[in-house]
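Peer 1: return atomic coordinates for the entry below.
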Amino acid sequence: MDRSRLATAGLLVAWMAHDLEELATMSHTSRTLAPRLPDWMPLPASMRQHGLTARHVATAVPAVGLVVAAATLRGYRTQGRSAFYQNALLGFGLHGFGHLGMSLRARGYTSGVATAPTVVIPFWLWAAQTLQQAGVPNRRSLPAAIALVAGSLAGGHLAAYFLTNNQP
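Peer 2: So this is what the prediction gives:
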């Protein structure tokens, strides 16, 4: 498999490695962080008091994974030329900095921060460089990447909320 194919297929693999950490830690971490969120953030009272249940997390993570899998497949089929793939890759990398920022703000461990600097950001930089070296046209858009990540996360958590009603 050539490097461009690894850069595209690798997005799903890197996401899975990162999200295994989130699956294992998000419910516990959210119990500490949710009560500290600003009031303007839309969050049901039960989540604000008790965080996310393990069932909610186990539903939300695969829901987001469907978007990542679709972007990965599109990227693989187009050899990285897909704007959908490129924006998912950019959003994946940038969201790693969000994890770092959240941990700095919380002054401690938050879910996903261990793999953000070890998997997420290095993979994103390597894949982007690999595609550039292969001459793949840049079709990234910062607003589109942010919208894709925000929409995927919000959609995944909203789906999980309705499917689980945040029950254990």
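
Peer 1: I'd like the next helix or strand past the worst-scoring helix or strand of the chain on mean pLDDT.
Peer 2: Ranked by mean pLDDT, DSSP states H and E, the helix or strand of the chain with the weakest confidence is helix 45-50, at a mean of 81. Toward the C-terminus, helix 45-50 is succeeded by helix 54-77 as the next helix or strand (DSSP states H and E).

Peer 1: name the helices or strands packed onto that next one?
Peer 2: Under the contact criterion of 3 or more C-beta pairs under 8 Å, 6 or more residues apart in numbering; DSSP states H and E, helix 54-77 touches helix 3-33, helix 83-106, helix 142-164. From N, CA and C alone the C-beta is placed, and that goes for glycine too.

Peer 1: now that helix: how far from the chain's centre is it?
Peer 2: 9 Å (C-alpha atoms, centre = their mean, to the nearest Å).

Peer 1: likewise stretch 42-49?
Peer 2: Using C-alpha atoms, centre = their mean, the offset of stretch 42-49 from its chain centre is 21 Å.

Peer 1: any regions of the chain where pLDDT drops low?
Peer 2: Segments of the chain classed as low confidence (criterion: pLDDT under 70) are 1, 166-168.

Peer 1: picking that back up, run through who's touching the least confident helix or strand of the chain.
Peer 2: Here helix 45-50 makes contact (C-beta atoms under 8 Å, 6 or more residues apart in numbering) with S30, R31, A34, P35, L37, N166.

Peer 1: go again with 7 Å.
Peer 2: The contact list for helix 45-50 (C-beta atoms under 7 Å, 6 or more residues apart in numbering) reads R31, A34, P35, L37, N166.

Peer 1: which positions in that helix come out as buried?
Peer 2: M47 (16 or more other C-beta atoms under 10 Å).

Peer 1: what do you get for stretch 16-35?
Peer 2: So for stretch 16-35, counting by 16+ other C-beta under 10 Å, buried means H18, D19, E21, E22, L23, T25, M26, S27, T29, S30, L33, A34.

Peer 1: how far away is the closest residue to I146 other than its chain neighbours from G108?
Peer 2: Nearest non-adjacent residue to I146, counting by C-beta to C-beta, 6 or more residues apart in numbering: G91, 6.6 Å away. To G108, G91 is 25 Å away according to C-beta to C-beta, to the nearest Å.

Peer 1: let's verify the residue sitting furthest away from the middle of the chain: helix, strand, or coil?
Peer 2: If you look at how far each residue of the chain sits from its centre, by C-alpha atoms, centre = their mean, the farthest one is G135, at 26.4 Å. Under DSSP: H, G, I helix; E, B strand; the rest coil, the three-state class of G135 is coil.

Peer 1: all set now, cheers.
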